[in-house]
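Chemist: model this:
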Amino acid sequence: MHEFSMDAQSHWDKVHAIRRPEEVSWYCPHLEISLALIERSASSLAAPIIDVGGGASTLVDDLLLRGYENVTVLDISKEALQVARRRLDMNAGRVHWLVADVLTAKLEPAAYEIWHDRAVFHFLTRSEERAAYLRQMAQALKSGGHVIMSTFGPAGPPTCSGLDVMRYDEKALQKEFGKQFHLVEGSCELHHTPEGITQEFLYCHFRRI
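Modeler: Predicted coordinates for the structure are as follows:
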């Protein structure tokens, strides 16, 4: 694991150890836009889905409730995944949990039909980190697979949880992804944090060509 991975792991373990899931700024009771995009993209309930940086998010709960059978949740923070596993209780065994840095995780080639990421990619402020992320995504995604990506939009905050972030519009995100990914649709959401602050999130659905 690279040095920056160790630093990131320590940072996010600390965040999740001192804050309850509903206290973090990105908390949302249900990720309705993500769910709608997944439902439009998945070929069946058996479609293999990976939620990158899923942590303590309730997306996995809602996917299981809708009958999805092949869900992986990857997060660099063991603390965050433990929160989700405790919440799911007996249903936790229906999920594949992966404690890893997405930049260095050993992911099976062409393993996933849907790659979902809400609020990980925008933390990658260094070009080498983004390049490593995109290599991992391209390697792990099936041909014709889907990417559902949510980042801070152009009017989003410049920092989050004490870290600098990148902000994107559709054109900028398409440029990062390159020609092997086609932008199917994009939209912006005004997310209201637990502290009452409004943040702009960009949602984009890409398909691998």
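Chemist: helices along this structure, start to end?
Modeler: For the chain, applying DSSP state H gives helices covering 3-18, 32-41, 59-65, 78-88, 127-140, 170-177.
Chemist: of those helices, flag the one that's most buried.
Modeler: Of the helices of the chain, the one with the most neighbours on average (mean count of other C-beta atoms under 10 Å) is helix 59-65, at a mean of 19. Glycine gets a C-beta too; all of them are placed from N, C-alpha and C.
Chemist: export that one as CSV, just CAs?
Modeler: Listed next in CSV are the C-alpha coordinates belonging to helix 59-65 (Å, rounded to 0.1, in the frame of the first residue of the first chain):
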residue,chain,number,x,y,z
LEU,A,59,-27.2,2.5,-0.6
VAL,A,60,-26.4,-1.2,0.1
ASP,A,61,-29.5,-1.5,2.3
ASP,A,62,-31.7,-0.1,-0.5
LEU,A,63,-30.1,-2.3,-3.1
LEU,A,64,-30.8,-5.4,-1.0
LEU,A,65,-34.4,-4.3,-0.4
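Chemist: quick one: mean pLDDT for stretch 167-187?
Modeler: For stretch 167-187, the mean pLDDT works out to 97.
Chemist: cool, stretch 71-81 as well?
Modeler: The pLDDT scores in stretch 71-81 average 95.
Chemist: ok so, going back, of all the helices of the chain, which one comes closest to Glu195?
Modeler: Of all the helices of the chain, it is helix 3-18 that lies closest to Glu195, at 14.9 Å by C-beta to C-beta.
Chemist: near Thr125, how many other residues are there?
Modeler: Using other C-beta atoms under 10 Å, Thr125 has 11 other residues around it.
Chemist: show me what contacts Ile209?
Modeler: Ile209 makes contact with 179-182 under the criterion C-beta atoms under 8 Å, 6 or more residues apart in numbering.
Chemist: pLDDT weak spots in the chain?
Modeler: Scanning the chain for pLDDT under 70 picks out 1-6, 8-27.
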